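1. The following block contains a protein sequence and its predicted model.
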Amino acid sequence: MIFEQLSGNLLQGVILGGVYGMATMGLSLIFGVLKVVNVGHGAFIMVGAYVALTLFQTFGVAPPLAVPAAMVIGMALGMVFYYSAIRKLLKGPELASLLATFSCGVILEEVCKQLFTSEARGYNWELGKLDLGFTVLPHAKLLAFGGSALIGILLYLWFHKTRAGMAMRCVVESDEGARVCGIDVDWEYALSFSIGIGLTVVSGVLLTMFIPVGINPYMGGSYTLKAFVIAVLGGLASPYGAFFGGLVFGLIENGSYTLFAQIPGLEPFAMTRFFSFAMLLVILLLRPTGLLKAK
Amino acid sequence: MMNGYRAYLPILPVAATYALLLGIGVVSPDHWQLIAQLAFYCALGQAFNLFMGMTGYVDFGYVAFLGIGTYGMAVSIYTLSDKGLGIGVVLIGLVLAAIFSLGLSLAVGAVALRLRGAYFAIATIGVNEGFRYLLEGARIWNGADGIIFSRHLRQGVGRQTAMALSTWWADILVFGVAFLAAVLTLVYMRNKVGYALLALREDEDAAKVMGINVTRYKIIAFITSAILAGLLGASAWALKLTYVYPSDVFAIHYTVEAIIIVLLGGAGTLLGPIFGALTYGAAKYFLAIVLPGFQLLIFAPVIIAIIVLFPDGTVGLLKKRLRDTPLGKFII
Amino acid sequence: MPLLKVRNVTKCFGGLVAVNNISLEIRHGETLALVGPNGAGKTTLFNLLNGVFPADEGQIIFEDVDVTHFPAYRRAHLGIGRTFQIPRPFNSATVRENIAIGGMFGAAGSEIDVDRAMAMADHYIEVMGLSPHRDKPAGGLTPIEKKLVEIARALAMKPRLLLMDEAMAGMNPKDIDKMVAFLKEIRETEGIAIVAMVEHIMRAVSGLAERVLVMHQGAKLVDEPTREALSDPRVIEVYLGKPPEADHAHG
């Protein structure tokens, strides 16, 4: 009984983990290229959730089709924040860019609070489900996982097969070197920030396909925390590491939930959230540059 | 001491400001709530500045220390009110608040203070959420149901005293915390601690080469700042409201407010947090009338504007301008 | 008993062996010039000596204490001072505060309070001719002035061994002569051993150093008295390449 439950939860965990991983790729991309930690990360996921919700409820657009819109909105937001704040702070102390990204997050939360009130909302998109006997997988969740994997692959191809992607990889390795090779490093910074934010907003859409309820302006905080755990698991500067970190995190999260639920007197939901924070501290204590990353 | 008492002259404008605020509050009881709120922001800013301003590290989970201090007071009153200690429960509450916040700051600091820059921020950003979910998840101190102890307070100290505690003495304690934070800031600035922090804020590696044990001084600032936060939570929240819920006292927006206050006035200055607190507090008060619910939406872009346009903050700029004038002695 | 004893120290960065199995000794009060072309591993050796990062292998003994695993600040307490190639003063602090910080936390730091450190700072400000800049923030000074502040800050630490990274780079000949004279005086009055890292300036080397240690590709190439070193064909080779006749002779 418990094993059936556990294996079911673990499978769900892997699928959710794929989406988590995708939701962290933008964070890692931005850190990798600009060496800026986007402390407001979760707020951009929240924006994605509202994009999916609004398009679905107001215009009847199926959530997967909201992805292109989310990408465009995210990239636009990224450009605006990059050119209005981040760009001027890259040479300054780390404190400056941390506070700036944090404030960007607060701005988005407050704007969304004004637009949508702080009431939690949700939508209902029925697409059938796959019954495996020991667990049931709604098609929407599978689609979200497939979408995440596909975006991960596309990002990989873009990095390795296109001129623009190669240029960005050069900047990751050495911005001086890239500059000498005739790459417009400042533009690459803007582009990576904008793509990173775009990916994050898209991940917000995909996450609502997994959990279509509880959408509110302040939902991002817990995703920021999760994204940090995942990013330090996979190596803060590596988008692919982030993807695998997400898979591992999804497993741990759902596995620990199942275990906490067995212990009387514990609130498994809250304990799981505490556990992910404790995990963050332990990983940072052991190896801040990432557990999964090879030496 | 450097130049004797003259080095400590800048405490005068601090004391004058707090005396003035208190005076206005006493003369015009209608405004007491506003005054108390301003005092809270002054204390929050001073305490937060002691770490962020002096080290250049930002602790996004800072509110956790206020939260756990609130619990220190709550636990004391809730469990000891029938032991016949009278007003002693409040004193024990303050001590517990200090001990709790000290313990949490040691636990967090042990991990976070070994890390530099961005990694430090990552380690601290979840502290408030993490601790809140530990209380709720393991049902520590009634978990999500919180502790409601107004009855216990009345039982322990009597109706009259309980009333006076939460309507008057709680706010006076907040003034006390604010002043204590300012005094400690100035004492640190005038002693080796301050110079060590100044050096590590400017260039941590060079500071080490100069013989500065940077971790030690970061811990000193971190712990001091945390204990002040704990005392602030115990007085401004626990004693004043006589209840505590984890979802209230670990809310990140207090960290946001602390950041705004410190940056408005000028990080690492003595008078900056006071200036920031009065500006922010007054603006928030009037915005609540004119544009309710908009204060963070207005202040978040202000943070960005300050960082980009004048990172020294208001008092930081003043300090530079007045360096060589007689007024300069008072403004740091 | 030498002041500093380095035994078979090695440091690698990935595949690059930056410092390769170096051993050396420094006697009390002597001045050693550390010479070598760009990329020879001089700065890495400095970083190993004062503990900016640990050595991969080998042992470093300072005044009978094994400091191999000591962090930088503890080595500073024992009496190892350091200046940087590109000066790194604490920019927002005044010149006086910068130098006082050296005194407060350096080798004598535990007995020096803020007031005494300030008095020490005033002394070194005088010595270095920085009086007009005493209360200015160090960030606003010229590069040469910053360099002087940094040297003063290191001296205020009361080191037994002073590691100077390119102390004279960017100076004109007149300033170099002044600096050489100054360092000689410091050596006499304070009994400090100095390791001065120099890339090219032979003028400074010959005027100041008793001994020259030449590094090449991470390894120790030459370690001998200045006079011999300056005419050593191996040293000339490192700087100028092989003379063509030598090629003939070998070919």
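-> Received the coordinates, thanks. Quick caveat: nothing in here was measured; it's all calculated off a predicted structure.
2. ok, the closest residue to chain C within the stretch 51-200 of chain A to A:E173 distance?
-> Closest residue of the stretch 51-200 of chain A to chain C, CB to the nearest CB: A:P93 (11.2 Å). Every C-beta, even on glycine, is put in place using the N, C-alpha and C of the backbone. Distance, A:P93 to A:E173, using CB to CB, to the nearest Å: 24 Å.
3. Tell me which of those two has more neighbours.
-> Higher neighbour count among A:P93 and A:E173: A:P93, with 15 against 10, using other CB atoms under 10 Å in any protein chain shown.
4. I figured that one hits B:T55, correct?
-> No. A:P93 is beyond contact range of B:T55, at 11.4 Å (criterion: CB atoms under 8 Å).
5. check which helix or strand covers C:N20.
-> For C:N20, the element it lies in under DSSP states H and E is strand C:16-26.
6. Please list the residues outside that strand that contact it.
-> Outside strand C:16-26, the residues that touch it by CB atoms under 8 Å, 6 or more residues apart in numbering or on different chains are C:2-12, C:32, C:41, C:44-45, C:48, C:55, C:57-58, C:161, C:193, C:195, C:213, C:215, C:217-220, C:223.
7. and B:A162, what does it touch?
-> So B:A162 contacts B:150, B:153-154, B:156, B:242 (CB under 8 Å, 6+ apart).
8. Can you narrow these down to the ones near chain C?
-> Among the contacts of B:A162, no residue lies close to chain C (CB under 8 Å from any CB of the partner chain).
9. from those, which ones fall inside helices?
-> The members of the contacts of B:A162 that map onto helices under DSSP state H are B:150, B:153-154, B:156.
10. Where do the helices of the stretch 1-150 of chain B begin and end?
-> B:11-27, B:32-55, B:63-80, B:88-112, B:117-124, B:127-137, B:150-157 (DSSP state H, counting those that start in this stretch).
11. what's the answer for the stretch 1-150 of chain C, then?
-> Going by DSSP H, counting those that start in this stretch, the stretch 1-150 of chain C shows helices at C:42-50, C:72-78, C:95-105, C:114-128, C:143-156.
12. Next, the contact list for whatever residue of chain B ends up closest to chain A, please.
-> As assessed by CB to the nearest CB, chain A sits closest to B:G130 within chain B, at 2.9 Å. Taking CB under 8 Å, 6+ apart as the contact definition, B:G130 lies against A:225, A:273-274, A:277-278, A:280, B:61.
13. swap in B:G265?
-> B:45, B:271-277, B:279, B:313-315.
14. Put together a markdown table for the helices of the stretch 1-150 of chain B, with distance to A:G152 and mean pLDDT on each row.
-> Below are these laid out as a markdown table (distance: least, CB to CB, whole Å; pLDDT from 0 to 100):
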| stretch | distance to A:G152 | mean pLDDT |
| --- | --- | --- |
| helix B:11-27 | 55 | 95 |
| helix B:32-55 | 37 | 96 |
| helix B:63-80 | 35 | 97 |
| helix B:88-112 | 31 | 95 |
| helix B:117-124 | 23 | 87 |
| helix B:127-137 | 28 | 94 |
| helix B:150-157 | 54 | 93 |
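15. and among those, the most buried is which?
-> Comparing these by mean neighbour count (mean count of other CB atoms under 10 Å in any protein chain shown), helix B:63-80 ranks first with a mean of 28.
16. so, in contact with chain A or not, it?
-> No. Helix B:63-80 does not reach chain A (CB under 8 Å from any CB); its nearest approach is 10.7 Å.
17. Just list the residues touching the residue nearest the centre of chain B, thanks.
-> With distances taken as CA atoms, centre = their mean, chain B has B:L44 as the residue nearest its mean C-alpha position (2.9 Å). By CB under 8 Å, 6+ apart, the contact set of B:L44 is B:66, B:229, B:232, B:254, B:257-258, B:261, B:277.
18. How about B:F149?
-> B:74, B:77-78, B:81, B:242-243.
19. Counting neighbours, what do you get for A:L127?
-> Neighbour tally, A:L127, other CB under 10 Å: 14.
20. contacting residues around it?
-> Applying CB under 8 Å, 6+ apart, the residues near A:L127 are A:138-140, A:143.
21. can we see that at 6 Å?
-> A:139-140 (CB atoms under 6 Å, 6 or more residues apart in numbering or on different chains).
22. for B:K329, same thing?
-> With contact set as CB under 6 Å, 6+ apart, B:K329 has these partners: B:L9.
23. ok so, going back, looking only at pLDDT, what's the mean for the strand holding C:N20?
-> Regarding strand C:16-26, the rounded mean pLDDT is 93.
24. What is the subsequent helix or strand relative to the helix or strand containing A:V202?
-> A:V202 belongs to helix A:185-210 when assigned by DSSP H and E. With elements assigned by DSSP H and E, the helix or strand that comes after helix A:185-210 is helix A:220-234.
25. so how far is that next one from its chain's centroid?
-> 8 Å (CA atoms, centre = their mean, to the nearest Å).
26. Next, the buried residues of whatever helix or strand comes next after that helix.
-> Beyond helix A:220-234 on the C-terminal side, the first helix or strand identified by DSSP H and E is helix A:239-262. Neighbour-count burial for helix A:239-262 flags A:239-254, A:256-261 (criterion: 16 or more other CB atoms under 10 Å in any protein chain shown).
27. Per-residue pLDDT of the residue of chain C found nearest chain B, please?
-> Nearest residue of chain C to chain B: C:A76, at 3.3 Å (CB to the nearest CB). For C:A76, the pLDDT comes out at 95.
28. Make a markdown table from the contacts of B:G265 and add secondary structure and distance to A:F59 to it.
-> Formatted as a markdown table, the contacts of B:G265 follow (DSSP: H, G, I helix; E, B strand; the rest coil; distance: CB to CB, whole Å):
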| residue | secondary structure | distance to A:F59 |
| --- | --- | --- |
| B:G45 | helix | 46 |
| B:L271 | coil | 53 |
| B:G272 | helix | 49 |
| B:P273 | helix | 48 |
| B:I274 | helix | 51 |
| B:F275 | helix | 48 |
| B:G276 | helix | 44 |
| B:A277 | helix | 46 |
| B:T279 | helix | 43 |
| B:G313 | helix | 46 |
| B:T314 | helix | 47 |
| B:V315 | helix | 51 |
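29. Flag the shaky bits of the chain, pLDDT-wise.
-> With no chain named, the answer covers chain A. A:1, A:288-295 (pLDDT under 70).
30. Switch to chain C, please.
-> Using pLDDT under 70, chain C drops low at C:199-204, C:240-251.
31. Output the set of residues of chain B in proximity to chain C.
-> Applying CB under 6 Å from any CB of the partner chain, one finds that chain B approaches chain C through B:2, B:192, B:195, B:198-199, B:202-203, B:206, B:208-213.
32. Please pick the buried ones from the residues you listed.
-> B:192, B:195, B:198-199, B:202-203, B:206, B:208-213.
33. Looking at the chain, which helix is longest?
-> Let's take chain A. Longest helix of chain A, by residue count under DSSP H: helix A:2-34.
34. if you could check chain C rather than the one you did, that'd help
-> Max-length helix for chain C by DSSP H is helix C:173-190.
35. Quick one: name whatever helix or strand follows it.
-> Per DSSP H and E, helix C:173-190 leads on to strand C:193-198 as the next helix or strand towards the C-terminus.
36. Quick one: residues in contact with that next one.
-> C:3, C:26, C:28-35, C:42, C:161-167, C:204-205.
37. Next step: these restricted to strands.
-> If you go by DSSP state E, the contacts of strand C:193-198 have C:26, C:31-35, C:161-165 in strands.
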